[in-house]
Structures are given as C-alpha cells and as structure tokens.
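>>> Okay, here's the prediction I keep looking at, along with the sequence it came from:
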Amino acid sequence: MRILNVLDKDDFPFFTAFGFLLSYAMWFFDELSLPAHMERGYLSELLFDHIPYSSISTLLICMTLIELASVAISPKQGLLVKQNIHISKRISQFSSPAFFIVMGFSIPVIIESIRMKNPLYFSQFLMFLTFALSVGLLLFLSRQIVLKSKCLHEKMSRVWARTSFALLVVILVGIIGLNGEPKVVELKLDLGTYELAAEAAEKRNMSINQYIDFAVSSQLNEYNASKN
C-alpha cells in the first residue's frame, strides 16, 4: 500500500470520475455507426494524452542516471540531487492523474464483466489494474531515489556508481539498438479516400488498419515481383 501513499489524494475525485465517464463514453460511441468525418478517435487520444507512461519511465531512468552520476562525482549531495527532487515532482504531476484516470476507466469494465459474465472484460480489467499499479510503482521509485539519496551517497562507492552508470547506459543503448518492433507510420487520408478504404475493408471483413496493411503489402509484393 506504500504506492498509494505517494499519490496526490486531491487528484482522486476529478480524475477517477473523468476516467469513469470517458470509459462509458467510448463504449457508447463505439456502438454508434458514425459518419467517417466524425470517427476521429478523439476519446482514445484524450485518454492516452493523460497517461504519459513513456515520459514517466524516461524521467525515472534519467533520475537513476543522475543519482549515479552524483555519487560517482562526490560522496556529498550536490546540485544534481536538487535536480532529481525537481524531476520527482514532475513525475508526481504526471503519475497521480494517470493512476486515477486508469482506475476510473477500469470501473465500468469490471461492472460490465460482472453484468455480462464475460471473462474477456475481466481480463481487460486486470490489464488496466496492472497498468495503473505500474504507474504508481514508477512514482514510488522516483520518491525512493530522492529519500534514499543521502544514504546512497554515504554507502555506495564511487567506483560502483561509475560501473552501474556505464552498465545502465550500455543496457539502454542495447535495447534501443536491438528494437525490432514494427515501425509506426501515420497516414492522413481525405474523407473520400477513407470511405472507399473502409468500404473495401468491410467487404474483406477487415478493420481499416488491417486493410491498409494488406494493401501496402500487396503493392510491395507487386513491386518486388516487377524487380525480378
């Protein structure tokens, strides 16, 4: 329960209610057959704009590197530690609203899981719960770096700090360099083209994204065949 202690309780009423209403709003509009010009994904963007997980995790990594650098430079706390205190406050400002939004968003999911007796909804609820707790955990770790800074400077050797710093940098570079995830490409279509693509996707029982991927793959296969 220590994770809950680092959250800003003042964020609870508004952001939990915000997540709750947003969840039901997304379900409601998903059930409607809206015209193409109205299907913009505003609500999904609104949700994820309030959950900057990548920013939070990146700031935590930066805090870790700054703390190790501070220990490596001097056994006394200096300006780098003050910078970490500032970053920790920023992580709190990001994490606390994100935590309560995800918790609020997951409430309708568990309600529908019970009402419809659908295990899929329950698995989604567990996914949201795990995500919210991971956000809280990142905030908790950032607070621990600040709270344990003095002890770390007193007990950790400068050699070990430098080694840990270098090792963490190598790991990060390796993760970035070996990243084999598919490339995300944004594609803007005018409404006419989008409606044609949606119609073609429906005939093939595909989502619009699946159809675009299929169309691109088909064109690339033709291109490779013409080269040979």
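Yep, it's here.
>>> Just give the number of residues close to the nearest residue to A200 once chain neighbours are set aside.
Distances taken as CB to CB, 6 or more residues apart in numbering put Y211 closest to A200, at 6.0 Å, once the chain neighbours are dropped. For the C-beta atoms, the positions are set from N, CA and C on the backbone; glycine is no exception. When neighbours are counted by other CB atoms under 10 Å, Y211 registers 19.
>>> show me the residues around the residue nearest to the spatial centre of the chain that make contact.
Among the residues of the chain, the smallest C-alpha distance to the mean C-alpha position (CA atoms, centre = their mean) belongs to Y53, namely 3.3 Å. Residues touching Y53, when contacts are defined by CB atoms under 8 Å, 6 or more residues apart in numbering, comprise 98, 131, 134-135.
>>> which one of those sits closest to L178?
The shortest distance between L178 and any of these, using CB to CB, involves S134 and amounts to 22.6 Å.
>>> Going by neighbour count, list what's buried in the host helix or strand of the closest one.
S134 is located in helix 119-147, with elements delineated by DSSP states H and E. Buried positions in helix 119-147, judged by neighbour count with 16 or more other CB atoms under 10 Å: 121, 124-125, 128, 131-133, 135-143, 145-146.
>>> Check stretch 200-211 too.
If you call a residue buried by 16+ other CB under 10 Å, then stretch 200-211 has these buried ones: 201, 206, 208, 211.
>>> Need the max-distance pair from those.
Maximum pairwise distance among the buried residues of stretch 200-211 (CB to CB): 7.7 Å, between M206 and I208.
>>> Walk me through the domains of the protein.
For the chain, the domain assignment from automatic domain parsing gives the residue ranges 2-181, 182-228.
>>> which of those domains has the lowest average pLDDT?
Within these, confidence is poorest for domain 182-228, with a mean of 82 (mean pLDDT).
>>> Figure out how far it is from the centre of its chain.
Taking the mean C-alpha point of domain 182-228 and that of its whole chain, the gap between them comes to 27 Å (CA atoms, centre = their mean, to the nearest Å).
>>> buried stuff in the helix or strand hosting F48?
Using DSSP H and E, the element containing F48 is helix 42-49. Counting neighbours by 16+ other CB under 10 Å, one finds that the buried residues in helix 42-49 are 43, 47.
>>> Tell me the helices and strands packed up against it.
Under the contact definition 3 or more CB pairs under 8 Å, 6 or more residues apart in numbering; DSSP states H and E, helix 42-49 sits against helix 12-31.
>>> how far does the helix it packs on sit from the chain's center?
18 Å.
>>> okay, the angle between it and helix 42-49?
140 degrees (axes from the mean of the first three to the mean of the last three CA atoms, to 10 degrees).
>>> Helix 12-31 packs against which elements?
Helices and strands touching helix 12-31, by 3+ CB pairs under 8 Å, 6+ apart, are helix 42-49, helix 79-116.
>>> Kindly export the helix or strand following the first one (C-alpha atoms) in CSV.
What it means is helix 42-49. Past helix 42-49, further along toward the C-terminus, the next helix or strand under DSSP H and E is helix 53-73. What follows is the C-alpha trace of helix 53-73 in CSV, where atoms were taken according to Å, rounded to 0.1, in the frame of the first residue of the first chain:
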residue,chain,number,x,y,z
TYR,A,53,3.8,6.4,-19.5
SER,A,54,6.8,6.8,-21.8
SER,A,55,7.6,10.2,-20.3
ILE,A,56,7.2,8.9,-16.8
SER,A,57,9.5,5.9,-17.3
THR,A,58,12.0,8.1,-19.2
LEU,A,59,12.2,10.6,-16.4
LEU,A,60,12.7,7.8,-13.9
ILE,A,61,15.6,6.4,-15.9
CYS,A,62,17.1,9.9,-16.1
MET,A,63,16.7,10.2,-12.3
THR,A,64,18.6,7.0,-11.8
LEU,A,65,21.4,8.1,-14.1
ILE,A,66,21.6,11.5,-12.4
GLU,A,67,21.8,9.9,-9.0
LEU,A,68,24.5,7.5,-10.0
ALA,A,69,26.5,10.4,-11.6
SER,A,70,26.1,12.4,-8.5
VAL,A,71,27.5,9.6,-6.3
ALA,A,72,30.3,9.0,-8.9
ILE,A,73,31.4,12.6,-8.7
